[in-house]
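Novice: need coordinates for the below:
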Amino acid sequence: MSKLLSDQKQQIVQFHAALINHVVMACNNRALLPQLEQMLEMTAKSGWVALVTVIRQVINGKRDASVLLGLDEEDSTIIEAILCGIQDPSTLPDPNAKPDASLAAPGLAAMIDVAGKGSPEALHMLSNMAEQMVRAGGDMAKLGGMMRKLVGGERDADKLAKGMSVQGQELVYSILTELGKLARH
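Specialist: As a prediction, this is how the structure comes out:
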């Protein structure tokens, strides 16, 4: 399970790479704060108020582990990546890299499986991811839109992948394959 969480965290960090990099750059160069502030305002308006509050604390110099108190797993992962990036810029995610679909399927399947078993944390995390996917458009929007069906137990690959590109269909099939593996354990 720790491997899945590791992959899950990698996906979270990669998904939020631009924000993580902007925060670290602004911490190192205060002239970038006005540009970052616009990004933070948009992030807060998207429902990430707790995350933005903690990012502002980090910008103002609070860098100890207490900043993680009260955050959910996704927000904690983002803040941890920011703190690591401030200490060692070589740990920063590549903001131009595309998330690895081979990592996405096991991570998403694990979250869907746990959410389907009633975990409020997994449900919250999936709903946040689904919102972001819908905003991304294309296959990601379709995948985000089907999260509730997947959590509810839908496993008809043709129904779920309908209207998606070949890559989108492959991702859906990979998620279903991983869900099948989890169901057997």
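
Novice: for residue 39, which three-state class applies?
Specialist: Recorded secondary structure, residue 39: helix (DSSP: H, G, I helix; E, B strand; the rest coil).

Novice: make sure it is actually in contact with residue 20.
Specialist: No: the pair residue 39 / residue 20 is not scored as a contact, 11.1 Å apart, by CB atoms under 8 Å. All C-beta atoms are positioned from the backbone trio N, CA, C, and that covers glycine.

Novice: among those two, which residue is more densely surrounded?
Specialist: residue 20 (26 against 16; other CB atoms under 10 Å).

Novice: spell out which helix or strand contains the residue lying closest to the more buried one once chain neighbours are set aside, please.
Specialist: Leaving aside its chain neighbours, residue 20 sits nearest to residue 81 (4.9 Å; criterion: CB to CB, 6 or more residues apart in numbering). Using DSSP states H and E, residue 81 falls within helix 73-87.

Novice: any idea how far the helix or strand following that helix is from the middle of the chain?
Specialist: Once helix 73-87 ends, the next helix or strand along the chain (criterion: DSSP H and E) is helix 101-116. Here the centre of helix 101-116 is set off from its chain's centre by 12 Å, with CA atoms, centre = their mean, to the nearest Å.

Novice: contacts for helix 101-116, please.
Specialist: For helix 101-116, contacts defined as CB atoms under 8 Å, 6 or more residues apart in numbering pick out 1, 4, 7-8, 10-11, 122-123, 125-126, 129, 147, 150-153, 167, 170-171, 174-175, 177-179, 181-183.

Novice: repeat that for 6 Å
Specialist: Helix 101-116 is contacted by residues 4, 7-8, 10-11, 122-123, 126, 150-151, 171, 174-175, 178-179, 182 when judged by CB atoms under 6 Å, 6 or more residues apart in numbering.
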